[in-house]
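Asks: Take this sequence and fold it.
(one chain, ligands or ions: 1)
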Amino acid sequence: MSDEEHASAPHWSETWRGVEGQVPAGPAGYGAMIDTLRTFLDDVAAASPDEAIVAALTQDMAGWSSKLRPLAVPEAERIFAHRRDLPGRGQTMSPQLFIDEASAESVRGHVTFGDYYLGGNGAVHGGAIPLLFDEILGRLSNAGTQKRSRTAFLHVDFRSITPIGKRLQIRGWFEYEEGRKRLLKADLRDGDTLCAEAEGLFVELRPGQP
Ligand SMILES: CCCCCCCCCCCC(=O)SCCNC(=O)CCNC(=O)[C@H](O)C(C)(C)COP(=O)(O)OP(=O)(O)OC[C@H]1O[C@@H](n2cnc3c(N)ncnc32)[C@H](O)[C@@H]1OP(=O)(O)O
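Replies: A predicted model of the protein is given here:
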């Protein structure tokens, strides 16, 4: 999918676009590069390569690292994880989250964990699921306000295995706000099956707090 198609696809609602503000300009094709990287990581995880492939791949990857290293920039100028117009914010640490509907109070989306996120026996790794919840609730907590917050705690209950390779539904919503504290909840479902649910406390940062 091209960057232009990403931008017009219904994965990122106009509502969140409005409340999250501007996204950094990046080179054309950045989203497609990240998609390719995701597919690559899934392929690496699923493959059993021979010695020749391992040697060639190691050399190719080292070559790309030496091209990228001199291009490193300070955090504020980075594109990776800052492209909020792309599913998964243009990063590969957590799975590609598609936002289907969002407001300042709630969000609904879908996600498919690739082979890269496998824990064992077809189930998603138990550390990847809190990452997804932190991502969706962290964004929701900050949607609609200039007052940024950080996760103080994130409680996750794993209710049944989360399958690899299936399109799953995720929801997040505000429970209440009390002073600087914002309590949010989320759940992750495979059709009618509840896979996991989360409760997170997000605390609004004071001026100057990192
Ligand atoms: C392009 C980018 C896109 C952006 C898109 C980004 C999406 C991803 C977002 C991910 C967000 C993250 O993962 S953030 C990274 C992970 N989180 C962190 O690193 C946070 C580390 N912790 C901290 O910095 C701090 O502990 C804070 C900010 C959370 C709170 O410290 P503080 O500001 O000094 O506040 P403090 O006075 O202690 O607490 C305020 C109130 O909250 C309560 N409180 C505080 N912590 C807790 C706690 N763990 N459990 C219960 N209650 C707590 C206190 O009792 C108090 O209640 P009362 O007495 O007032 O009733």
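Asks: end-to-end on stretch 60-79?
Replies: Taking CA to CA, to the nearest Å, stretch 60-79 runs 23 Å from one end to the other.
Asks: residues contacting the residue in the chain that the ligand sits nearest to?
Replies: Going by CB to the nearest ligand atom, the ligand is nearest to residue 138 of the chain, at 2.4 Å. Bear in mind the C-beta positions are built from the backbone N, C-alpha and C, glycine included. Taking CB atoms under 8 Å, 6 or more residues apart in numbering, we find residue 138 in contact with 149-151, 200, 202.
Asks: Closest one of those to residue 122?
Replies: residue 200 (27.0 Å; CB to CB).
Asks: Now do the closest one: how many residues are near it, please.
Replies: By other CB atoms under 10 Å, the residues close to residue 200 number 26.
Asks: For the closest residue to residue 82 other than its chain neighbours, which three-state class applies?
Replies: Leaving aside its chain neighbours, residue 82 sits nearest to residue 24 (5.1 Å; criterion: CB to CB, 6 or more residues apart in numbering). With DSSP: H, G, I helix; E, B strand; the rest coil as the basis, residue 24 sits in coil.
Asks: so which strand or helix has residue 58?
Replies: helix 51-68 (DSSP states H and E).
Asks: Show the average pLDDT along that helix.
Replies: On average, the pLDDT along helix 51-68 is 98.
Asks: Give me the pLDDT value at the residue of the chain closest to the ligand.
Replies: 96.
Asks: How about residue 168?
Replies: For residue 168, the pLDDT comes out at 98.
Asks: Would you check that it makes contact with residue 162?
Replies: Yes - under the criterion of CB atoms under 8 Å, residue 168 makes contact with residue 162 at 6.9 Å.
Asks: Tell me which of those two has more neighbours.
Replies: Using other CB under 10 Å as the criterion, residue 168 and residue 162 rank with residue 162 on top: 26 against 21.
Asks: ok, now which ones touch that one?
Replies: 113, 123-124, 129, 168, 188, 190, 195-196.
Asks: Regarding residue 76, what is its secondary structure?
Replies: helix.
Asks: I misspoke; the intended subject was residue 154.
Replies: Using three-state DSSP, the three-state assignment for residue 154 comes out as strand.
Asks: residues in contact with it?
Replies: 130, 133-134, 137, 198-201.
Asks: Tell me the spatial nearest neighbour of it, not counting adjacent residues.
Replies: Nearest non-adjacent residue to residue 154, counting by CB to CB, 6+ apart: residue 200, 4.5 Å away.
Asks: Any idea what the one you found is bridged to?
Replies: residue 154, residue 184 (DSSP bridges).
Asks: my guess is residue 113 meets residue 126, correct?
Replies: No - taking CB under 8 Å as the definition, residue 113 is not a contact partner of residue 126, at 11.9 Å.
Asks: higher neighbour count, these two?
Replies: residue 113 (26 against 14).
Asks: Might one say that residue 137 is in contact with residue 198?
Replies: Yes - using CB under 8 Å, residue 137 makes contact with residue 198 at a distance of 6.9 Å.
Asks: okay, and the common contacts of those two?
Replies: With CB under 8 Å, 6+ apart as the test, residue 137 and residue 198 both reach 154, 185-186.
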